[in-house]
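Peer 1: Give me the fold of what follows.
(one chain, ligands or ions: 1)
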Amino acid sequence: MGAWVPVYGGTRPYINLDNAASTPALQVVEDAVHEFLPWYSSVHRGNGFKSRLSTHVYEQARAIAAGFVGADPQEHVVIFGKNTTEAINKLAYRLPLKRTDIVIISGGEHHSNDLPWRNRATVVRMDVTARGGTNKADFERLLERYAGRVKLVAISGASNVTGHMPDIHWFARKAHQAGAQIFVDCAQLAAHRPIHIGKLTDDGHLDYIALSGHKMYAPFGTGALIGRRDTFSHGTPEYSGGGTISVVTDKTVDWAMPPESEEAGSPNVVGAMAMARAMQTLQGIGLEAIASREAALTAYALQWLATVPGLQLYGDTNPERAATRAAVIPFTIAGVPHGLVAAALAWEWGIGVRSGCFCAQPYVMRLLGLNRAGQQRVRYDILHRHRERAPGLVRISFGLCNTTDDIDRLVEALAAIAEGTHREYTVDAATGEYRPKGAKDNFEHYFSL
Ligand code: ALA
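Peer 2: Modelled structure (predicted):
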């Protein structure tokens, strides 16, 4: 049971159904941070005991991250950074792409695995299926159509909107046969399924992956890009400065080898340590065991959500296929704006969910069946500060802390909301945010600086 949080007229135990956005810190991770902090000091740049210890811990964290995805230090390098988005931007910068090169993404990507590629190459999208999944036939058509020009396939290992999990090693084999490389965004996968990056000699290997600590129960500001060492052994890092060089004179610079060349400035050793402790913990529980528990929760939720009057599920709605997708479920309730559903869950039931487009506007608009004119209307509304009209879904997503009791409470709340028994809400047109009429936040009572 979570902390008690304020709801309209009292308090309730918090139910976190927003693990796809960020997971809470595990107690063991929090403990490790407290235990480590007295020993914390600079990394790679001090002779004192604490500096040497911190450097040792930081490099241990790198080895743990490599082991977590089966990376081979001879072939792969682990580059720590802030998060998946930063990792993708780095990769987009570091790959030797030309404007005319083709990067194939899926029509289900979030903005972070779309926009960085738009800046560097020509992005083409494979269609999504009616259930929001990747369309393999369309992918093969694109490979054929752009034969010789496809340099990279960039897809998410699990969708942050529908939980769709493409067969990433199938896509990898096809990409490699076409002479391309593959990047898999593992932000939504890493805490929920085992990941096997694979040897470079294996046709189904993944050339690059990215993940985020804050989606792995370690919200201390670190993520990682893990991928082919050879890619980062050439060229110039996008950030230069302390730590990235081998030798500098007034006129010359020789870069260090990766990963040092890729991690400019003092690194986040606390974050890397925390993420590594989370990885150890997840492996200790067993990623297969986590996957099967989350599949059971997903199946249970799909069954019960379908009983709420007017509730429409998106993506794969079949509970029997719950094990083949991630524990992320989007839905709408007829006649109730998505923002209002999310607000009523929070303000009246103490249930935290996310609503809107989840940083994946094109995908959500596709799922909602908006054609080009509809999408332009949305753009006009948002640019003219009418976010209350913005389309969207409500999303729930499970993590280690959730139980079927959480789902029971959610379903009870949604049935009440669908019946219209929620309080009266007002919406701010500029932000699209709903809140009960006259309600105010009381943050000082909980935490303040
Ligand atoms: N990608 C994160 C989410 O889906 C931010 O909420």
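
Peer 1: Show me where the stretch 301-449 of the chain has its helices.
Peer 2: 338-349, 361-367, 372-383, 404-419 (DSSP state H, counting those that start in this stretch).

Peer 1: Val153: which of those helices is closest?
Peer 2: Closest to Val153 of the helices of the stretch 301-449 of the chain, according to C-beta to C-beta: helix 361-367, at 17.0 Å. In short, each C-beta sits where N, CA and C put it, glycine included.

Peer 1: Indicate which one of the helices of the stretch 301-449 of the chain is closest to the ligand.
Peer 2: helix 361-367 (10.7 Å; C-beta to the nearest ligand atom).

Peer 1: one step back: switch the helices of the stretch 301-449 of the chain over to a markdown table; also include mean neighbour count, mean pLDDT and distance to Asp254.
Peer 2: Shown next, in a markdown table, are these (neighbours: other C-beta atoms under 10 Å; pLDDT from 0 to 100; distance: least, C-beta to C-beta, whole Å):
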| stretch | mean neighbour count | mean pLDDT | distance to Asp254 |
| --- | --- | --- | --- |
| helix 338-349 | 22 | 98 | 52 |
| helix 361-367 | 22 | 96 | 42 |
| helix 372-383 | 13 | 94 | 47 |
| helix 404-419 | 18 | 98 | 55 |
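
Peer 1: Turn these into TSV, columns for distance to the ligand.
Peer 2: Shown next, in TSV, are these (distance: least, C-beta to the nearest ligand atom, whole Å):
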stretch	distance to the ligand
helix 338-349	12
helix 361-367	11
helix 372-383	18
helix 404-419	18
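
Peer 1: ok now do the residue nearest to the spatial centre of the chain, which residues does it touch?
Peer 2: The residue lying closest to the centre of the chain (C-alpha atoms, centre = their mean) is Ala187, at 3.5 Å. By C-beta atoms under 8 Å, 6 or more residues apart in numbering, the residues touching Ala187 are 83-84, 156, 160, 210-212, 215.

Peer 1: swap in Val161?
Peer 2: 108, 110, 132, 314-315, 328, 330, 358, 360, 363-364, 367, 393, 395.

Peer 1: can you pick the most crowded of those?
Peer 2: When neighbours are taken as other C-beta atoms under 10 Å, the top entry among the contacts of Val161 is Gly108 (31 neighbours).

Peer 1: Around the ligand, which positions in the stretch 151-300 of the chain sit nearby?
Peer 2: Contact residues (C-beta under 6 Å from any ligand atom) of the stretch 151-300 of the chain with the ligand: Asn160.

Peer 1: Nearest to the ligand: which residue in the stretch 151-300 of the chain?
Peer 2: Asn160 (3.6 Å).

Peer 1: Neighbours of that residue, how many?
Peer 2: 28.

Peer 1: rewinding a little: farthest-separated two in the contacts of Val161?
Peer 2: Taking C-beta to C-beta, no two of the contacts of Val161 sit farther apart than His110 and Tyr314, at 15.2 Å.

Peer 1: what's the closest of the contacts of Val161 to the ligand?
Peer 2: The nearest one, if we look at these relative to the ligand and count by C-beta to the nearest ligand atom, is Phe358, at 4.2 Å.

Peer 1: is it true that the closest one touches His111?
Peer 2: No. Using C-beta atoms under 8 Å, Phe358 makes no contact with His111, being 9.5 Å away.
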